[in-house]
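**Q** have a look at this fold, sequence not included:
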């Protein structure tokens, strides 16, 4: 008991507080320290989350040249399939924007532009679905200039992977390609036959 009484007398002598007030203040200080340090110091949960995110992060696949693509085919590259590149078109030119998935991917602020020719929307700086088209008719000179600025930014930052063509043009190109392949396939056999 002597030790307890000595400790209580010492607390009163050094602090001028009653032992109950001293321990109350001490408890409040410990709680305040824990709260404040928890705000500024990353806890184990935060570090574990960071490690898990780094493990799950996959760099975007290298750009794949698509060539001629219809608007309907371009819509398959809107970011809904994480295995496919994320594509967007300006003035009919298709760019791989996969490395900016946080902006153009699902949930991003510009996600509605992905998988589409967003020329009109960019020129008008519009997020309206009716403006998500490659049709630039009726735009003012200043709007066309804004669109040109966007195109320059995309040319500098992203890889061009193709261009938008109409269904009719693509069908014609495929027919011409098939005919050319067939013609080229016949020619070597003629040479072989002619040399025998």
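**A** Yep, that arrived. Predicted model, so just to flag it, every value in this text is computed and none were measured. Residues are numbered from 1 along each chain as shown.

**Q** helices along the protein, start to end?
**A** Ranges of helices in the chain, per DSSP state H, are 2-15, 19-40, 44-56, 71-74, 101-104, 119-124, 141-157, 167-195.

**Q** rank the ones you listed by pLDDT, which is bottom?
**A** When those are compared on mean pLDDT, helix 167-195 scores lowest, with a mean of 55.

**Q** domain assignment for this structure?
**A** The record's domain parsing of the chain by the TED database lists 7-55, 67-173.

**Q** centre of the chain to the longest strand seen in the chain, how far?
**A** Scanning the chain for the longest strand, with DSSP state E as the assignment, gives strand 159-164. Averaging C-alpha positions (Cα atoms, centre = their mean, to the nearest Å) puts strand 159-164 18 Å from its chain's average.

**Q** now stretch 22-35
**A** 45 Å.

**Q** could I get the domains of the chain as a markdown table with mean neighbour count and distance to residue 61?
**A** (Glycine included, C-beta is placed from N, CA and C.) Listed next are those as a markdown table, based on neighbours: other Cβ atoms under 10 Å; distance: least, Cβ to Cβ, whole Å:
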| stretch | mean neighbour count | distance to residue 61 |
| --- | --- | --- |
| domain 7-55 | 10 | 18 |
| domain 67-173 | 16 | 6 |
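
**Q** now residue 101. Nearest residue, chain neighbours left out?
**A** residue 86 (5.7 Å; Cβ to Cβ, 6 or more residues apart in numbering).
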